[in-house]
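1. after the sequence you'll find the predicted model.
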Amino acid sequence: MKTALLLSGGMDSIALAWWKKPNVAITLLYGQKAAEAEKMASSAVCMQLNIEHHIVEIDCSSLGSGDMAGSAAHGDAPASDWWPYRNQMLVTLAAMKAISLGVTMLYIGTVKSDENHRDGTVTFLRLINDLLRYQEGGLSVAAPAIGLSTTELVKESHVPASVIAWAHSCHKSNLPCGKCRGCNKYDASMFELQYACRV
């Protein structure tokens, strides 16, 4: 079985890369404000683990909303960082690339706290997997850490603190803003892990 990981360069996907050591990593630059920093973090991890790294660039910024797109959140947004159908889009784009590489299992870095959005739930994972399996290509999608917190995932993966520090979690910028939900999650997780936090 050839495996791929949708690698964003955030804490969860970096820990998952370290834990599962996929054959391939796919990083998507889809118009998000932090794209360059995410690409740099992802590339560094892939070099460290000797993972084949593919970067796919498709500008969907005109379709986004909220912090990640640098615009006002959509009226239906449950949080300021909500981008409509974002995880569905990311899984679809990663699957399109994965199929061309002969991948049969695509990992995504969903963790327990992602259930705040419907596309971070066990139900969404089952539905998106069923959809991919229904189509040609024989591709499955799994979220091995969906029942774990970020802190639990980092501990389970045994990723070194020096590597998890490469993670870029900011939703708004290539430099951490220190204010968004991504930055807050990063700092809280680093504190729980008893690693140094940004000041």
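-> It's in.
2. run through who's touching the helix or strand hosting residue 128.
-> Taking DSSP states H and E as the criterion, residue 128 maps to helix 122-134. Residues outside helix 122-134 that contact it (Cβ atoms under 8 Å, 6 or more residues apart in numbering): 87-88, 91, 95, 106, 108, 110, 115, 118, 139-143, 146. Yep, even glycine has a C-beta here, placed from its N, CA and C like the rest.
3. so how do I select the buried members of those in PyMOL?
-> Provided next is the PyMOL selection string for whichever of the contacts of helix 122-134 are buried by 16 or more other Cβ atoms under 10 Å:
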select buried, resi 87+91+95+106+108+110+139+140+141+143+146
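4. what's the most distant pair in the contacts of helix 122-134?
-> Taking Cβ to Cβ as the measure, these span a maximum distance of 23.7 Å, between 115 and 139.
5. now the strands for this structure?
-> For the chain, applying DSSP state E gives strands covering 3-6, 24-29, 52-57, 105-107, 140-142.
6. on that earlier part again, how far does the helix holding residue 128 sit from its chain's centre?
-> Remark: helix 122-134 is offset 17 Å from the chain centroid, using Cα atoms, centre = their mean, to the nearest Å.
7. what does stretch 145-154 give?
-> How far stretch 145-154 lies from its chain's middle: 13 Å, per Cα atoms, centre = their mean.
8. same check, this time on stretch 49-66
-> On Cα atoms, centre = their mean, the centre of stretch 49-66 falls 10 Å from the chain's centre.
9. give me the buried positions along stretch 184-197.
-> For stretch 184-197, a neighbour-count test (16+ other Cβ under 10 Å) marks 185-187, 189-190, 193 as buried.
10. return the subset of those residues lying in helices.
-> In helices, defined here by DSSP state H, the members of the buried residues of stretch 184-197 are 185-187, 189-190.
11. which among the residues you listed gets closest to residue 19?
-> Comparing these against residue 19 with Cβ to Cβ places residue 189 closest, at 15.3 Å.
12. residues contacting that closest one?
-> Listed by Cβ under 8 Å, 6+ apart, the contact partners of residue 189 are 11, 150-151, 154.
13. beta partners for the closest residue to residue 20 other than its chain neighbours?
-> Spatially, and ignoring its direct neighbours in sequence, residue 20 is nearest to residue 107 (5.9 Å; Cβ to Cβ, 6 or more residues apart in numbering). Residues in a beta bridge with residue 107, per DSSP bridges, are residue 5, residue 142.
14. what about the helices in the protein?
-> For the chain, helices defined by DSSP H occupy the ranges 11-20, 35-49, 86-100, 122-134, 150-157, 161-164, 181-192.
15. make TSV from those and add distance to residue 4 to it.
-> Formatted as TSV, those follow (distance: least, Cβ to Cβ, whole Å):
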stretch	distance to residue 4
helix 11-20	10
helix 35-49	12
helix 86-100	5
helix 122-134	12
helix 150-157	17
helix 161-164	20
helix 181-192	23
